[in-house]
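# Sequence and computational prediction follow.
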Amino acid sequence: MTHRYIFVVGGVMSGVGKGVTTASIGKILQSRGFNVTAIKIDPYVNVDAGTMNPVEHGEVFVTDDGDETDQDMGNYERFLDTDLTSTNYMTTGRVYQTVIEKERNLEYKGRCVQVVPHIPQEVIRRIRVAAEKAKADITMVEIGGTVGEYENILFLEAARMMHLDDPEHVLFVLVSYLPVPKHLGEMKTKPTQHATRTLNSTGIHPDFIVCRGEQYMDKPRREKLGIFCNVKPDAVISAPDVSSIYHIPALFEEQGFSSSILKKFRLKPRTSDLRKWKAMASVQESAKKTVKIGVVGKYFSTGDYTLSDSYISVIESLKHAAWANNARIEMEWINSEHFEDKSKQLSDLDAFDGILVPGGFGTRGIEGVIMTVKYCREKKIPYFGICYGMQLATVEFARNVLGKTTAHTVEVDEATKDPIIHVNPVQLKNIRENRYGGTMRLGAYDCDLKPGTIARKAYGCASISERHRHRYEFNNEYAQALEKNGMVISGVNPQTSLVEIVELKNHPFFVGVQFHPEFHSRPLHPHPLFKAFITVALK
Ligand code: GLN
């Protein structure tokens, strides 16, 4: 079959929403009946995102096949409502790793292996494999970073080579930023003109320019930018700030973006259907009910911006679940350390309809989380704990219900007398040998659900599969004692007997899950546990 490719590159500055733009373009093409997949290229030397600092790089998004990828992969999955795999993600480190391995195996047959062409060739091979595997009519390829950076030059080179090889099936979209300086009060096009020129110097000319900015772009600027950047005015797409990222596909469609793309690709136009999507995107503004959720954890102290990126899938899952319940959502971030130093009172949690504790690592803020769990358990505030939030819920229960006052996870207290969360021999070896990259329990594993439990009711089936990312795990030696005292083990991995879900009876909603349900939530298919949590929170 003929595969078509759309490369999305950034200009002027990073952080303007290239990932969401890529996902939205994919969405509008998909809504016209084309099979669309998406690839993220991360220029970092890291082999995967698992070893990157979440505050700097954002959330690590885990795929079913256990790859630790960039958060944009989550945007693609959510917008395209599809499961992606490690084939859809690459980093500089990963590309070089393959080329060096091939060289060691004499696969280059003794030839000199060079940065050019061998590195771009490997990039192209990966892109083609992903398109083939997805049987995609159109493959979106987002190149991380901005043009002019040394880091992504080889990826641009790969894109240029693909275009040279087959110009009719490769398009380029430049996502730029148009500032409106306060003292001028006018949208300035010059930085975008420079970005276009920089892109031109790599041998690539943009077919479309997506203009991010605070405001909608007016006609005179569209025309001016078109002339200066050598594109038609209808190839200039305005992408002003909007209240929700889910409005962006419709915003693009209003400007005829998908029709213009299809014309360039010489594909026959098909009718677009974004009705359900638009209805979902409008609930936040139209709903009469509000649900207020507090998210308690760490990573919050470096400012609001980093926070939301570290937990983006959790945040989006909460939104999907609220909207499916016809409610608008308000979320507040609570730094658990503030409960420890008493700069915040636990009673502040009363203001929320529900509390969520997301995943995390390390020791900072942990006692504050355990205090939060206790408060929610005793005051019967709906509680949803994910990964670390589940592990610490069992620690709290062991301490305060079983009376094992020093119970802990060995992640924090290696020598604890009651290692309710422990580490298996394989993981212990990884830690001792400093083998951290890609060695956690990662990706999809099965879980059987116990009849009559909150989890079983929420899912409406007996067996599920969810994505994981953790090194430590529940210690089955404590299972009996927990159950005797009222904790329900409602989900267990049938192959390994690992405890996956715990919950409480006589509580409106107290659920802890070892896995990461947030990686499976989609705007039009909210995750059953998030949905159940919000439903109870609304009561
Ligand atoms: N730190 C815990 C572990 O490694 C929990 C991980 C997480 O929350 N993602 O097991």
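Here it is on my side, so go on.
# So which bits of the helix ranked longest in the chain are buried?
Longest helix in the chain, counting residues (DSSP state H): helix 115-133. Going by neighbour count (16 or more other C-beta atoms under 10 Å), the buried part of helix 115-133 is 118, 119, 120, 122, 123, 124, 126, 127, 130, 131. No exception for glycine: its C-beta is placed from N, CA and C like everyone else's.
# try stretch 368-383
368-377, 381-383.
# Out of these, which two sit at the greatest distance?
Distance extremes for the buried residues of stretch 368-383: the farthest pair is 368 and 382 at 19.0 Å, using C-beta to C-beta.
# before we move on, the earlier item: same for the helix or strand following the longest helix of the chain, what does it pack against?
Counting by DSSP states H and E, the element after helix 115-133 in chain order, helix or strand, is strand 138-146. Applying 3 or more C-beta pairs under 8 Å, 6 or more residues apart in numbering; DSSP states H and E, one finds that strand 138-146 makes contact with strand 4-10, helix 18-30, strand 36-42, helix 115-133, helix 153-165.
# so which of the ones you listed comes closest to residue 54?
Closest approach to residue 54 among the helices and strands packed on strand 138-146 (C-beta to C-beta): strand 36-42, 14.1 Å.
# CA atoms of that closest one as PDB?
What follows is strand 36-42, C-alpha atoms only, in PDB (Å, rounded to 0.1, in the frame of the first residue of the first chain):
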ATOM      1  CA  VAL A  36      -3.600   7.400  10.800                       C
ATOM      2  CA  THR A  37      -0.600   6.500  13.100                       C
ATOM      3  CA  ALA A  38       1.900   8.800  14.700                       C
ATOM      4  CA  ILE A  39       5.600   8.600  15.600                       C
ATOM      5  CA  LYS A  40       7.500  10.700  18.100                       C
ATOM      6  CA  ILE A  41      11.200  11.400  17.600                       C
ATOM      7  CA  ASP A  42      12.900  12.500  20.800                       C
END
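# elements contacting whatever helix or strand comes next after that strand?
Later in the chain than strand 36-42, the nearest helix or strand by DSSP H and E is helix 54-57. Packing partners of helix 54-57 (3+ C-beta pairs under 8 Å, 6+ apart): helix 304-310.
# ok, which residues in the stretch 401-539 of the chain are in contact with the ligand?
Within the stretch 401-539 of the chain, the positions near the ligand by C-beta under 6 Å from any ligand atom are 411, 469, 470, 471, 472.
# quick one: residue 292 and residue 356 touch, right?
No - counting by C-beta atoms under 8 Å, residue 292 stays clear of residue 356, with 11.6 Å between them.
# circling back: of the residues of the stretch 401-539 of the chain next to the ligand, which is the most crowded?
Neighbour counts for these, by other C-beta atoms under 10 Å, peak at residue 472, which reaches 23 neighbours.
# Quick check: pLDDT value at that residue.
Looking at residue 472, its pLDDT is 96.
# wouldn't it be in contact with residue 409 here?
Yes - using C-beta under 8 Å, residue 472 is in contact with residue 409, at 5.7 Å.
# Name the nearest residue to residue 3, ignoring sequence neighbours.
Once flanking residues are discounted, residue 3 sits nearest to residue 131: 4.2 Å by C-beta to C-beta, 6 or more residues apart in numbering.
# That neighbour reaches residue 2, doesn't it?
No - proximity of residue 131 to residue 2 does not meet the contact threshold set by C-beta under 8 Å, at 10.1 Å.
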